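Visitor: A predicted structure for the sequence below; I have some questions about it.
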Amino acid sequence: MRTTFRARRPFSLITLSLSIKKAHVKHNSSLLNFNHHTKLIASPRSQALFARSFAMDMKPAPMPKLLYGTAWKKDATADLVLAALKAGFRGIDTAAQPVHYNERLVGAAVKQAISSGIVKRGDVFIQTKFTSTLGQDLSDLSSLPYDPNAPLEEQVHASVASSLQNFRYSESEEPYIDCLVLHSPLHTIEDTTTVWKTLETYVPQKIRQLGISNTPLPIFDYMCISPAITIRPAVVQNRFYPGNDWEKYLRAYCREKSIPFQAFWTLTGNPQLLLSDPVQKLADYAGVERPVALYSLVLALGGTSILDGTTNESHMVDDLKGIEIVNDYAQSADGQNFWPALLAVFKQWIGGER
Ligand SMILES: NC(=O)c1ccc[n+]([C@@H]2O[C@H](COP(=O)([O-])OP(=O)(O)OC[C@H]3O[C@@H](n4cnc5c(N)ncnc54)[C@H](OP(=O)(O)O)[C@@H]3O)[C@@H](O)[C@H]2O)c1
């Protein structure tokens, strides 16, 4: 998506953390009261059994290292998504943003893959997004998944309903989405919170987990610690490129909180990395193409996954196979000599890791 999103109201991370810590104490004590109350109506054992079976039923599919990105595929979307699933992709990223994505065709391809036995619904990590009016093409109102003049809550409800409809693959089973990503923070933290709280009402039954994209670190920090937020982000999706220092600080924060970082622009935003020494050497040593070598080094940073939007079916197969080839190489006798040094030099190329 080429639209640039900017949060209009940046605020200090430190000020925010301090005020939130105070409020957090209050929040925790009300949680304790709630737990005390629930003990009165159910034994600890039945509560635990209920919680375990509920959690098992409502778990998202595992998030793979490479997710298939569906932006800009237009009418070829269904064919390409089906090809990606046949090639072995088990994660799909789309958005309810018709100007760049065709979510309906993504859903149609998943449905076809399920009905022809290529995949089971529970094996595919399906991720879509709520895109506010900031990222929509307002010159084509009829294509939008909601009325842009409706209140924010109604926009979210309409967008989620339309996404769920696109991912309905059987009359008898209720559709659900593995991860719903807020495409970008809104102009104000109040509006961002309103949208997030509305999305929270769908978790875990209709939406297994929530994520956020195009977010600066202070807003992400707010989402992770503010008592106003009940369901914490489970995924962050941002650009991986020199223009934001390859999100060095945000990725370190994600690692600390065990929240996966999904990278986009990994190839398109990094022509210089594709020609860098560690990428070229790894490609030579492991016998893979340079894009695969770059993907593998980014994955090795830890806590990362990659959005791969190739339109080439050979690349689909080679990318999935290639990251396994590099994995095997890293564990081979040769790889044990070279891989740690290549990774260390790669980290220097991206300005050092925190
Ligand atoms: N959250 C957001 O705001 C946002 C913004 C942008 C993108 N995204 C997501 O990220 C996905 C990926 O987008 P992207 O901007 O990172 O770029 P991309 O769509 O993955 O484009 C990769 C480019 O590299 C080329 N390429 C060459 N060798 C390749 C290989 N081995 N594997 C893959 N590509 C290869 C591709 O050409 P070929 O087609 O010929 O392989 C293509 O031109 C999107 O589809 C979307 O799902 C999200």
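Guide: Great, that's in hand.

Visitor: tell me the phi and psi of Phe261?
Guide: Backbone geometry at Phe261, expressed as degrees, to the nearest 10, gives phi -110, psi 120.

Visitor: so which helix or strand takes in the residue nearest to it when sequence neighbours are not counted?
Guide: Leaving aside its chain neighbours, Phe261 sits nearest to Cys254 (4.6 Å; criterion: C-beta to C-beta, 6 or more residues apart in numbering). In short, each C-beta sits where N, CA and C put it, glycine included. Using DSSP states H and E, Cys254 sits within helix 248-256.

Visitor: Gln165 is in contact with Pro175, isn't it?
Guide: Yes: using C-beta atoms under 8 Å, Gln165 is in contact with Pro175, at 7.4 Å.

Visitor: hmm, who's touching the helix holding Cys254?
Guide: Residues outside helix 248-256 that contact it (C-beta atoms under 8 Å, 6 or more residues apart in numbering): 215-217, 220-221, 224, 236, 238, 260-261, 301-304, 350-354.

Visitor: against Thr70, how distant is the residue nearest to Phe261?
Guide: According to C-beta to C-beta, to the nearest Å, Cys254 and Thr70 sit 23 Å apart.

Visitor: number of nearby residues for Ser115?
Guide: By other C-beta atoms under 10 Å, 10 other residues sit near Ser115.

Visitor: what's the answer for Thr311, then?
Guide: When neighbours are counted by other C-beta under 10 Å, Thr311 comes out with 13.

Visitor: residues contacting it?
Guide: Contacts for Thr311 (C-beta under 8 Å, 6+ apart) come out as 73, 76, 80.

Visitor: correct me, but the first one touches Asn102?
Guide: By that I understand Lys73. Yes: with contacts counted by C-beta under 8 Å, Lys73 reaches Asn102, the gap being 6.8 Å.

Visitor: what about these two, which has more around it?
Guide: Using other C-beta under 10 Å as the criterion, Lys73 and Asn102 rank with Asn102 on top: 24 against 21.

Visitor: that one reaches Ala71, doesn't it?
Guide: No: under the criterion of C-beta under 8 Å, Asn102 makes no contact with Ala71, lying 9.5 Å away.

Visitor: returning to that earlier point: so what strands line up beside the helix or strand following the helix holding Cys254?
Guide: As assigned by DSSP H and E, the chain's next helix or strand after helix 248-256 is strand 261-264. Partners of strand 261-264 in the sheet, by DSSP bridges, are strand 235-239 (parallel), strand 304-308 (parallel).

Visitor: quick check: residues of this protein near the ligand?
Guide: Residues of the chain lying close to the ligand by C-beta under 6 Å from any ligand atom are 1, 69-71, 93, 213-214, 237, 264-268, 289, 291, 307-312, 315, 319.

Visitor: and stretch 60-75, how far apart are its ends?
Guide: Its start and end residues considered, stretch 60-75 measures 28 Å (C-alpha to C-alpha, to the nearest Å).

Visitor: typed the wrong thing, it's stretch 176-186
Guide: Start-to-end, stretch 176-186 (C-alpha to C-alpha) is 25 Å.

Visitor: use 23 as the first number from now on
Guide: New numbering, starting at 23: the last item is stretch 198-208.

Visitor: how far does it sit from its chain's centre?
Guide: Distance of stretch 198-208 from its chain centroid, counting by C-alpha atoms, centre = their mean, to the nearest Å, is 8 Å.

Visitor: what do you get for stretch 195-203?
Guide: Relative to its parent chain, stretch 195-203 has a centroid offset of 13 Å by C-alpha atoms, centre = their mean.

Visitor: stretch 328-342 now?
Guide: Counting by C-alpha atoms, centre = their mean, stretch 328-342 comes out at 18 Å from the chain centroid.

Visitor: buried set for it?
Guide: 328-332, 337-342 (16 or more other C-beta atoms under 10 Å).

Visitor: do stretch 179-192 as well
Guide: The neighbour-count check on stretch 179-192 (16+ other C-beta under 10 Å) flags 179-182, 184-186, 188-189, 191 as buried.

Visitor: could you pull out the helices for the stretch 123-272 of the chain?
Guide: 125-137, 174-188, 211-222, 239-247, 270-278 (DSSP state H, counting those that start in this stretch).

Visitor: could you check the angle helix 211-222 makes with the second one?
Guide: Here helix 174-188 runs at 40 degrees with respect to helix 211-222, directions being taken by axes from the mean of the first three to the mean of the last three C-alpha atoms, to 10 degrees.

Visitor: I'm done for today, thanks for sticking with me.
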